[in-house]
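1. generate coordinates for the sequence data below:
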Amino acid sequence: MLGGREFLMLSTHGGIRAADGTPIALGYHTGHWEVGLLMEAAARVFKTNGAVPFAAACTDPCDGRSQGTTAMFDSLPFRNDAATIFRRLIRSLPTRRGVLGVATCDKGLPAMMMALAANRDLPCVLVPGGVTLLPVDGEDAARVQTIGARFAHGDITLEHAADVGCRACASPGGGCQFLGTAATAQVVGEALGMSLGHTALAPSGHAIWLDMARRSAHALMALDARGMTMADLLTDASVHNALAVHAAFGGSMNLILHLPAIAHAAGLRRPTSEDWARVSRKVPRLVDALPNGPRHFATVQVFLAGGVPEVMLHLRRIGVLDTRVLTAEGITLDEQLNAWESSERRAKLRHQLRQHDGVDADDVIMSPETAVARGLTPTVCFPKGNLAPDGSVIKSTAIDRSVLDAGGVYRLKGPAQVFLTEPSAIAAIKANRIQAGDVLVLICRGPMGAGMEETYQLTGALRYLPFGQQVAVVTDARFSGVSTGACIGHVSPEALAGGPIGRLRDGDLIEIVVDTRTLEGSLNFIGEAGVEAGAEEGSRILERRGPRPDLAADAALPDDTRIWAALQDVSGGAWGGAVYDADAILRVIAAGKAAMGSDPKGQS
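-> Numbers count the residues shown, from 1 in each chain. Coordinates of the predicted model:
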């Protein structure tokens, strides 16, 4: 064994389990609990084949625990930290022949993808962590996070809240049951060619899940034997394919942050908002999954229906994929899809979905013709206007159909209710100070103000309240992948960067228009004191106004997050993936030092 090829296995494993599987110490979230089993399965393959496996791990925080707390200030910045750790671990084993990355959940999985992408001269294979199964009797992991708001409004009892809170997850591992950030990142990883075909969204704990790890270990050794590296797999064409698959799935908006970061790590062109918009207009949504609907199938049911390769078969037929790209299997995407289409695995799993769940696979993953006939619309819209001159983003598929007109257009003119913290906005919802027709504006929560926190507490609370679909949310923060409703995030520039959103006052009249079919949208301030003046005059009013005097970063914002915000700002900001561009950062530092002279405090 001492002379065997050495392979490094990295994971996001968390928690400690006894030999019989009982917990000794909890991980931050259920997603990482069983990742160790995938590592063990892969390691045994390496050893059986005379190779020497090494293993290391870096877990990540749980956004479900962080929501609505100051822990969210560390959520997005942690992704960059974890990617750095993974890259350092790879470099610290100079004799490794390749890297197997086993990862799951919201930040650990994108971080692993960034780290693997950066090692362009090594063969690497990504093993996604799979997904948690739905409870037999209980609520899914998205809905259960709203029990606080529902209890405060008297919609559920304390006993019901306690009961469903204890029975939300049916398997101790894997990403969520909905197509949030973690599940979407698995989909994107496979679409990029970093994972084997039909591995995203595998059911945690099942034999097919463990087999995924074993096959991935074999694939990594085969890539090494053939001299194939990440540079062969990750190309501009594979990034385009990922954009197309994201649109077809109706995936989480957080991948607008993560996919550019992965491309940057690979030394490729980062997709822009224009690229996202172009692809989203061209590629139809084909997948019916939580939280988009209309029937809201679970992620494991999407897997049984065929997952990523099934979607890609449809996209290949309409000519929106580059199937010449190479994949982790060492073959072209075209060859991979041909094998999938005629495979026994495909037929068996589609039959199992019908037999056990009574679900037709073609109702979960539809052909483009069926999707159009059933009213499925494209995914992501990028509204601009005098409140978002540099852009914003909304998942148009998440807007409740009841508030769309006959042409599929969402329109709202409503008064602004402005908040500087998520807890204050949540308190207003619980106290019934938010009414139907209001525009809830949350500012100072972008990178400079709060680390660009997720605001699922807001969107989740509104989703399950009777009037919630009649309220819009506008913020310079971001949203959880499971968020629904008229939720406009990533508003740029952010309030603390001088963005006009930081000039809004309570009662200002805001107009939102989102065409869910053409993906055209606008976000404008159109009047004050109850008087509508139009977008053009609204722009002049905003120019005359000064920023709100209460604009400030959160007092609890950690210094390391402040540093992250500054570094990602000069590296292209959130629209550039919130990455560290070393060349750009060093240029800014050099210019700053030159401007200040020799005194670091800027004193002559």
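2. please count neighbours and contacts with C-alpha atoms only from this point.
-> Noted.
3. give the other helices and strands that the biggest strand by length in the chain contacts.
-> Ordering each strand of the chain by length in residues (DSSP state E) puts strand 409-419 first. Counting contacts by 3 or more C-alpha pairs under 8 Å, 6 or more residues apart in numbering; DSSP states H and E, strand 409-419 is packed against strand 439-442, strand 509-515.
4. return the most buried member of those.
-> Among the helices and strands packed on strand 409-419, strand 439-442 has the highest mean neighbour count (mean count of other C-alpha atoms under 10 Å), at a mean of 26.
5. and it, which strands flank it?
-> Sheet pairing of strand 439-442 (DSSP bridges) gives strand 409-419 (parallel), strand 472-475 (parallel).
6. now the angle from the longest one to strand 509-515?
-> With axes from the mean of the first three to the mean of the last three C-alpha atoms, to 10 degrees as the basis, strand 409-419 and strand 509-515 are set at 140 degrees to each other.
7. returning to that earlier point: next, the buried residues of whichever helix or strand comes after the longest strand of the chain.
-> Next in sequence after strand 409-419, counting helices and strands by DSSP states H and E, comes helix 422-430. For helix 422-430, the neighbour count (16 or more other C-alpha atoms under 10 Å) marks 422, 425-426, 428-430 as buried.
8. tabulate the helices and strands packed on strand 409-419 (JSON lines), appending mean pLDDT and distance to residue 540.
-> Formatted as JSON lines, those follow (pLDDT from 0 to 100; distance: least, C-alpha to C-alpha, whole Å):
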{"stretch": "strand 439-442", "mean pLDDT": "96", "distance to residue 540": "20"}
{"stretch": "strand 509-515", "mean pLDDT": "97", "distance to residue 540": "14"}
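9. so what's the residue lying closest to residue 107 once chain neighbours are set aside up against?
-> In this structure, residue 107 finds its nearest non-sequential neighbour in residue 79, 5.0 Å apart by C-alpha to C-alpha, 6 or more residues apart in numbering. By C-alpha atoms under 8 Å, 6 or more residues apart in numbering, the contact list for residue 79 reads 107-108, 110-111.
10. and whichever helix or strand residue 79 is part of, what's buried?
-> Using DSSP H and E, residue 79 sits in helix 75-91. For helix 75-91, the neighbour count (16+ other C-alpha under 10 Å) marks 75-87, 89-90 as buried.
11. quick one: residues contacting the residue positioned nearest the centre of the chain.
-> Of all residues in the chain, the one closest to the mean position by C-alpha atoms, centre = their mean is residue 181, 2.9 Å from it. Residue 181 is in contact with 105-106, 251-255, 480-482, counting by C-alpha under 8 Å, 6+ apart.
12. now do the strands in the stretch 451-600 of the chain.
-> 472-475, 486-492, 509-515, 520-528, 531-532 (DSSP state E, counting those that start in this stretch).
13. let me know which of the ones you listed is the nearest to residue 13.
-> strand 486-492 (30.5 Å; C-alpha to C-alpha).
14. quick one: contacts of that closest one?
-> Under the contact criterion C-alpha under 8 Å, 6+ apart, strand 486-492 has outside partners 387-396, 398-400, 446, 459, 469, 471-479, 499, 501, 574.
15. so what strands line up beside that strand?
-> strand 391-395 (antiparallel), strand 472-475 (parallel).
16. lowest mean pLDDT across those strands, which one is that?
-> Mean pLDDT across the strands paired with strand 486-492 is lowest at strand 391-395; the value there is a mean of 92.
17. relative orientation of that strand and strand 520-528 in degrees?
-> If you take the same axes, to 10 degrees, strand 391-395 sits at 110 degrees to strand 520-528.
18. centre of the chain to strand 391-395, how far?
-> 14 Å (C-alpha atoms, centre = their mean, to the nearest Å).
19. packing partners of the helix or strand hosting residue 243?
-> Using DSSP H and E, residue 243 sits in helix 236-249. Counting contacts by 3+ C-alpha pairs under 8 Å, 6+ apart, helix 236-249 is packed against helix 181-191, helix 273-282, helix 307-317.
20. go again using 10 Å as the cut-off
-> helix 181-191, helix 255-265, helix 273-282, helix 307-317 (3 or more C-alpha pairs under 10 Å, 6 or more residues apart in numbering; DSSP states H and E).
21. quick one, which of those helices is nearest to residue 292?
-> Judging the helices and strands packed on helix 236-249 by C-alpha to C-alpha, what sits closest to residue 292 is helix 181-191, at 12.7 Å.
22. going on from that closest one, what's the next piece of helix or strand?
-> helix 207-226.
23. buried ones in that next one?
-> 209-210, 212-224.
24. what stretches of the stretch 101-250 of the chain score poorly on pLDDT?
-> Within the stretch 101-250 of the chain, the stretches with pLDDT under 70 are 142, 145, 149.
25. same thing but at 90, please
-> 105-106, 132-156, 158-178, 180, 205 (pLDDT under 90).
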